[in-house]
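J.: Predicted model, plus sequence, below.
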Amino acid sequence: MKHALIISIIACGALTLTSCGGSDSIADQISSAELALASENVSATRELCSHILENKAKSGIEAKQMAQLSILYMQLNERSDSPEDVEYAVQCYRDAFSINADSAQAYYQSLPYDQDKYAMTLSTIVHTLDNPQEIPTDHDCDPNVDDTTDIEMDQTITDAN
């Protein structure tokens, strides 16, 4: 409990310094968000990440930092199951690649094993959103296809043998 309080104070301090024109760098803010998340302080993490995104235009954010934010948002989603977190993660992922694709790719490829799942999931989500495909008419989930007759025929053939 004591650690959560300390992390909350650090996170609030980072937000206060930045909002008052302090010189907190984006890297420091991301570190504060990571510390808040490590102590399971979801609201402080979300506030810090939102603050960084709100000020990204004037702060000159780098591709690696956008990639870090995308992973933070995926971790937030895991803890809170908020669809908005995934939307922000997708936005950060796309921004990271638009700022510098090589830097973004290098960051995602260098993630530790326990965070790799977030990058893989995020990559799949973005790929699916960017490349939607229609479900073929002969797909198992097509509601217009009655495949119960095929099952009955298979059963009849099996029973006859």
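T.: Yes, it's here. Residues are numbered from 1 along each chain as shown.
J.: Who are the contact partners of residue 93?
T.: 66, 67, 70, 104, 122, 123, 126 (Cβ atoms under 8 Å, 6 or more residues apart in numbering). C-beta: built from backbone N, CA, C; applies to glycine.
J.: out of everything not next to it in sequence, what's closest to it?
T.: residue 70 (4.4 Å; Cβ to Cβ, 6 or more residues apart in numbering).
J.: For the one you found, what is the enclosing helix or strand?
T.: Using DSSP states H and E, residue 70 sits in helix 63-80.
J.: got the contact list for that helix?
T.: 26-27, 30, 33-34, 37, 40, 42, 45-46, 49, 52-53, 56, 82-83, 85-86, 88-90, 92-93, 95-97, 99-101, 103-104, 106-108, 111, 115, 118-119, 121-122.
J.: following the helix or strand of the chain with the lowest mean pLDDT, which helix or strand shows up next?
T.: Lowest by mean pLDDT, DSSP states H and E among the helices and strands of the chain is helix 2-19, with a mean of 48. Toward the C-terminus, helix 2-19 is succeeded by helix 26-38 as the next helix or strand (DSSP H and E).
J.: Which strands and helices lie in contact with the helix or strand just after that next one?
T.: Proceeding N to C from helix 26-38, the next assigned helix or strand is helix 42-54, under DSSP H and E. Here helix 42-54 touches helix 2-19, helix 26-38, helix 63-80, helix 83-99, going by 3 or more Cβ pairs under 8 Å, 6 or more residues apart in numbering; DSSP states H and E.
J.: Can you say which of those is packed in most?
T.: helix 63-80 (a mean of 22; mean count of other Cβ atoms under 10 Å).
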